[in-house]
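In: Provided below are the primary sequence and the corresponding predicted coordinates.
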Amino acid sequence: MSNIRLFFSKSLSLNLTTTLDKSQSHYISKVMRIKESEVFSLFNISGEWEAKILSISKSIVEFNITKKLRQEENPKELWLAFSPIKSNYFNFMIQKATELGITKFLPIIFDRTVVRKINKERLKKVIIEATEQSNRINVPAMEEPQSLNLFLKNNNTDLIFTDLNSENKKIDLNQLTSNPTCIIIGPEGDFSEKERGEILKYKGVQPIKIN
């Protein structure tokens, strides 16, 4: 079996016969040069499956699901709340955070945030590609940008606060609960004093200094 794995947004099940979209068909047949009767893998929230190519007609790949390779994942929820940054660095951050196991991204517009809009569709593509490359099954979610107040009000998490003013350099794992663990990082100009105060009042927050 090849090591090619693709995210497939539609339902997958044993003996399913269907087609890849135009973009994925081109990647499989023209870029990776996979031929009829060869196999690759598809994954989504249901798990990972082996797919056998039945035909390639008019540049569209038809395949059949032959077996299940891995069960669905139930990882610990690990979120990243962050300030949007400039495009090239932004893509790199999203890619590496996906590879490290982040399960949800929450863009926050802070007082000192410079980039205040995101291209959600482009970032989703970065996330999917990083998920494909890192052998993950679950694709992290990307939320819409929100204010710090809304984030603190609407989310019940074990919050890890990256605070330059803190002397603490360790996370107390005994304080973590079954809630999602969320790491919050600020903009280039750091958190404002008002924001820092609001975050420190959050129930269960753990400030930590990262050098």
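Out: Here it is on my side, so go on. Numbers count the residues shown, from 1 in each chain.
In: pLDDT below threshold where in this structure?
Out: Within the chain, the ranges that satisfy pLDDT under 70 run 1-2, 211.
In: go again using 90 as the cut-off
Out: 1-3, 58, 72-76, 86-88, 155, 164-176, 188-189, 204, 209-211 (pLDDT under 90).
In: Can you name the next helix or strand after the helix or strand harbouring E121?
Out: Per DSSP states H and E: E121 is located in helix 120-133. With elements assigned by DSSP H and E, the helix or strand that comes after helix 120-133 is strand 141-142.
In: That following strand: partners in the sheet, and parallel or antiparallel?
Out: Paired strands of strand 141-142, with direction, are strand 104-109 (parallel) (DSSP bridges).
In: Give me the distance from the partner strand to the chain's centre.
Out: Chain-centre distance of strand 104-109: 11 Å, with CA atoms, centre = their mean, to the nearest Å.
In: Specify the residue ranges that define each domain of the protein.
Out: Using automatic domain parsing, the domain ranges for the chain come out as 5-70, 78-208.
In: mind listing the strands for this protein?
Out: Chain-ordered strands for the chain, with DSSP state E as the definition, fall at 5-7, 17-19, 39-44, 47-57, 60-70, 78-82, 104-109, 141-142, 146-147, 158-162, 181-184, 206-208.
In: ok, residues contacting the first one?
Out: Right, strand 5-7. Strand 5-7 is contacted by residues 20, 24, 27-28, 40-44, 48, 128, 131-132, 135, 139 when judged by CB atoms under 8 Å, 6 or more residues apart in numbering. Any C-beta I mention is one placed from the backbone N, CA and C, and that applies to glycine too.
In: Buried members of those into ChimeraX, please.
Out: Per 16 or more other CB atoms under 10 Å, the buried members of those correspond to this ChimeraX selection:
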select :20,24,27,28,40,41,42,43,44,48,128,131,132,139
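In: Would you mind stating the distance between the residue nearest to the spatial centre of the chain and D163?
Out: The residue lying closest to the centre of the chain (CA atoms, centre = their mean) is P140, at 2.8 Å. The gap separating P140 from D163 is 24 Å, by CB to CB, to the nearest Å.
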